[in-house]
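Student: for reference, the sequence and a predicted model appear below.
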Amino acid sequence: MRFSRQILLLQIGVVVLVVGVGVTLVGLMLRGTLTEQYGQRALAIARSFATDPQVVVAAAARKPTDDLERWVRSYTDSTVKDAPLFVVITDDKGIRIAHPLPAEVGKKVSTPADEALAGRNVVSAVERGKLGLSVRSKTPIRQGDRVVGEVSVGFEITDLTGDFDKLLLSVLAFAGGALLLGAGASALLNRRLRRLTHGLEPHELTELLYEREAVLHGIGEGMLAVDADNKVTVRNTEAERLLGTELPVGARLSELELSPRVHKAVHEGRPVDNLLAVAGNRVLVINSRAVRRDERDIGTVLTFRDRTDLDTLTRELDGIRALSDGLRAQRHEYANRLHTLSGLLQLGHHAEAVDYLQTLTETTSARPSEVSDAVADPYLQALLLAKTEQAQEKGMALTLSDDSWVPGTLTDPIAANTVIGNLVDNALHAARMGPRRPATVEVGLLAEGTTLHVSVVDSGPGVPEELRDTVFEEGVTTKIAPGHGLGLALTRQAARARGGDVWLAGAGNAEGGALFVAKLPNILREGQA
């Protein structure tokens, strides 16, 4: 049997039990109340007889009279509405001196009269006498301080039963209505239960819960679900790890320290695919989908993938590609120079060939030697040489400042290359977009113990005034093509992850150009500076 049907039957059973117990208790209370009411009526009639002088005199004389007999029979006449079944008057010995049946006069009463003859009232006693089962009350007849007899008045039990049946029918009608109402409410509750659980049984709900937990915490992606009010409803530990913050269920997104692009993905109103965002020192790929059911917005589900390692590899690959492009350009350049040298030799211009060869030797050895003298770390040398060749290919000049001095080696080449590479790439782009020719970029590297200070200045147009306060926020860029706005944000995150920082030291001047400086503590090996 389905769980919902079991619940329905259990609820109906409880309603039936409660109504049944209630009807039984009400019936008992009604019967007791009716018995008491009939007994009080009987007592009132008995007292009216017991205080009548004619009755007192007859009882004291122990002598029946015709007037008293007619009075009793007239009072118990069945044609009179609400008339009692009997009125019996006895003397102090319990001998009847008045009875509805004349043949019973002069005989002892059939029910005990000791209580009444002792001077006490008997109220609502259910006893069987000569006229059948009845509800009766008895009261003493007093002459002064002496009890001279008693009066017993009774109502037929069928009168009580008839009144009780009428009241019980009303109670049963009410109980039936309550039963139907309870059954109907149980059916509605059962229907709502099925709708809320989509007809699933408890064991199926338990399995779904286990599967949900397994899926949420078993996948390698972060998952975050928010409702229509942007409150967190579901999240896994991977999402908290990637975003670098706790995501308590019920908290609003606006109250959490999250990337602006996470809020953008939630409020976009349409599916978002492969949106890049920076969280801590990570680069995340965000995808979001709005969830609707029955034309009603339920919320948004976001997934997060860590692209930090891929981004690092991509940057290293870009550096290798730039270096290979530079080497290929140098090969073509040297091939042209060798062709020129061969032509001079073939034409017999030996002196000119010697001078040309000496010039080539001096120029090719100048740049690498300058870098190697000022910077000892091979990673920094390779980066600077690759960026220099990349700048020359685009008709720009990248130089190392005269005061640069880094005698030690790096403990974290990836972090250094991330910071310096991003700053140099932005500077090259800005210089190429600037009006000054030749376009130049100057890089300064200076070691201070284990701390590396970096400065990058370009000949570009500078940072626009409206972007100077937000230039390090993700998504802020001067580039037109989509997919930019992460470089500087990632640069600052990488620097701050090591306890350093990156600043915009100069936004530009009349001649153009922007100056960015960075501080990277504990990135050089001790004892080498």
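Tutor: Yep, that arrived. Everything numeric in this text was worked out from a predicted model, so none of it was measured.

Student: is Ser124 in a helix, a strand, or coil?
Tutor: Per DSSP: H, G, I helix; E, B strand; the rest coil, the secondary structure class of Ser124 is strand.

Student: report the contact partners of it.
Tutor: By C-beta atoms under 8 Å, 6 or more residues apart in numbering, the residues touching Ser124 are Thr35, Glu36, Tyr38, Gly39, Gln40, Ala42, Val135, Ser137. Where you see a C-beta, it was placed from the backbone N, CA and C, and this is true even at glycine.

Student: host element of the residue nearest to it when sequence neighbours are not counted?
Tutor: Spatial nearest neighbour of Ser124, excluding adjacent residues (C-beta to C-beta, 6 or more residues apart in numbering): Gly39 at 2.6 Å. For Gly39, the host element (DSSP states H and E) is helix 3-50.

Student: pull out the buried positions in the one helix or strand Met223 maps to.
Tutor: Per DSSP H and E, Met223 falls inside strand 222-227. Across strand 222-227, burial judged by 16 or more other C-beta atoms under 10 Å covers Gly222, Met223, Leu224, Ala225, Val226.

Student: residues touching the last one, list them.
Tutor: Right, the one you point to is Val226. In this structure, Val226 makes contact with Val232, Thr233, Leu253, Val266, Gly299, Thr300, Leu302, judged by C-beta under 8 Å, 6+ apart.

Student: quick one: contacts for the fourth one?
Tutor: Yep, that's Val266 we're talking about. Val266 touches Val226, Asn230, Leu253, Ser288, Thr300, Leu302, counting by C-beta under 8 Å, 6+ apart.

Student: now the fourth one, what's its secondary structure?
Tutor: Spelled out, it's Ser288. Assigned state for Ser288: strand (three-state reduction, three-state DSSP).

Student: surely it and Phe304 touch.
Tutor: No - applying C-beta atoms under 8 Å as the test, Ser288 and Phe304 come out as separate, 10.0 Å apart.

Student: between those two, which one's more packed in?
Tutor: Between Ser288 and Phe304, counted using other C-beta atoms under 10 Å, Phe304 has the larger neighbour count: 25 against 22.

Student: now, which of the buried residues of strand 222-227 sits nearest Phe3?
Tutor: Ranked by distance to Phe3 (C-beta to C-beta), those are led by Ala225 at 27.4 Å.

Student: so who does that closest one touch?
Tutor: Counting by C-beta under 8 Å, 6+ apart, Ala225 makes contact with Val232, Thr233, Val234, Arg235, Val291, Gly299, Thr300, Val301, Leu302.

Student: pretty sure the second one sits against Ile298.
Tutor: When you say that, I think you mean Thr233. No - at 9.2 Å, Thr233 does not count as touching Ile298 under the criterion of C-beta under 8 Å.

Student: any shared contact partners between these two?
Tutor: In contact with both Thr233 and Ile298: Asp227, using C-beta under 8 Å, 6+ apart.

Student: so the residue nearest to Ser124 is in contact with Val135, correct?
Tutor: Yes - with contact defined as C-beta under 8 Å, Gly39 reaches Val135; the gap is 5.8 Å.

Student: picking up where we left off before, possible to save the buried residues of strand 222-227 as JSON lines with pLDDT and distance to Arg62?
Tutor: As requested, these are exported to JSON lines (pLDDT from 0 to 100; distance: C-beta to C-beta, whole Å):
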{"residue": "Gly222", "pLDDT": "86", "distance to Arg62": "109"}
{"residue": "Met223", "pLDDT": "86", "distance to Arg62": "105"}
{"residue": "Leu224", "pLDDT": "88", "distance to Arg62": "105"}
{"residue": "Ala225", "pLDDT": "88", "distance to Arg62": "100"}
{"residue": "Val226", "pLDDT": "88", "distance to Arg62": "101"}
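
Student: report all helices and strands that the next helix or strand after the strand holding Met223 contacts.
Tutor: As assigned by DSSP H and E, the chain's next helix or strand after strand 222-227 is strand 232-235. Applying 3 or more C-beta pairs under 8 Å, 6 or more residues apart in numbering; DSSP states H and E, we find strand 232-235 packed against strand 222-227.

Student: output the below-cut-off pLDDT ranges for the stretch 201-350 of the chain.
Tutor: 218, 269, 280-281, 308-316, 318-335, 337 (pLDDT under 70).

Student: mind listing the strands for it?
Tutor: When assigned using DSSP state E, counting those that start in this stretch, the strands of the stretch 201-350 of the chain occupy the ranges 222-227, 232-235, 272-279, 282-293, 296-306.

Student: partners of the longest one, with directions?
Tutor: I take that to be strand 282-293. strand 272-279 (antiparallel), strand 296-306 (antiparallel) (DSSP bridges).

Student: picking up where we left off before, who are the packing partners of the helix holding Gly39?
Tutor: Contact here means 3+ C-beta pairs under 8 Å, 6+ apart; on that basis helix 3-50 packs against strand 86-91, strand 122-129, strand 132-143, strand 146-156, helix 157-196.

Student: kindly calculate the angle that the third one makes with strand 86-91.
Tutor: Compare the direction of strand 132-143 with that of strand 86-91 by axes from the mean of the first three to the mean of the last three C-alpha atoms, to 10 degrees and you get 40 degrees.

Student: strand 132-143 pairs with which strands, parallel or anti?
Tutor: Going by DSSP bridges, the partners of strand 132-143 are strand 122-129 (antiparallel), strand 146-156 (antiparallel).

Student: check the offset of that strand from the chain's centre.
Tutor: 74 Å (C-alpha atoms, centre = their mean, to the nearest Å).

Student: next one: the second one
Tutor: Between the mean C-alpha point of strand 122-129 and the mean C-alpha point of its chain there is a distance of 69 Å (C-alpha atoms, centre = their mean).

Student: give me the buried positions along it.
Tutor: Buried residues in strand 122-129 (16+ other C-beta under 10 Å): Val122, Val123, Ser124, Ala125, Glu127, Gly129.

Student: what's the mean pLDDT across it?
Tutor: Averaging pLDDT along strand 122-129 yields 82.

Student: next one: the shortest one
Tutor: In this model, strand 86-91 carries a mean pLDDT of 90.

Student: who touches the helix or strand that it is followed by?
Tutor: For strand 86-91, the following helix or strand on the C-terminal side (DSSP H and E) is strand 96-98. Here strand 96-98 makes contact (C-beta under 8 Å, 6+ apart) with 58-59, 62-65, 68-69, 71-72, 87-91, 104-109, 149.

Student: could you rerun that using 10 Å?
Tutor: Strand 96-98 is contacted by residues 49, 55, 58-59, 61-65, 67-73, 86-91, 104-110, 130, 149, 151-152 when judged by C-beta atoms under 10 Å, 6 or more residues apart in numbering.

Student: can you tell me which of the residues you listed are buried?
Tutor: Neighbour counting over the contacts of strand 96-98 (16+ other C-beta under 10 Å) leaves 49, 55, 58-59, 64, 68-69, 71-73, 86-91, 104-105, 109, 130, 149, 151-152 as the buried ones.

Student: show me the one of the strands paired with strand 132-143 that comes nearest Thr450.
Tutor: Closest to Thr450 of the strands paired with strand 132-143 is strand 122-129 (C-beta to C-beta; 106.3 Å).

Student: residue ranges for the helices of the stretch 351-500 of the chain, please.
Tutor: 378-393, 413-433, 487-497 (DSSP state H, counting those that start in this stretch).
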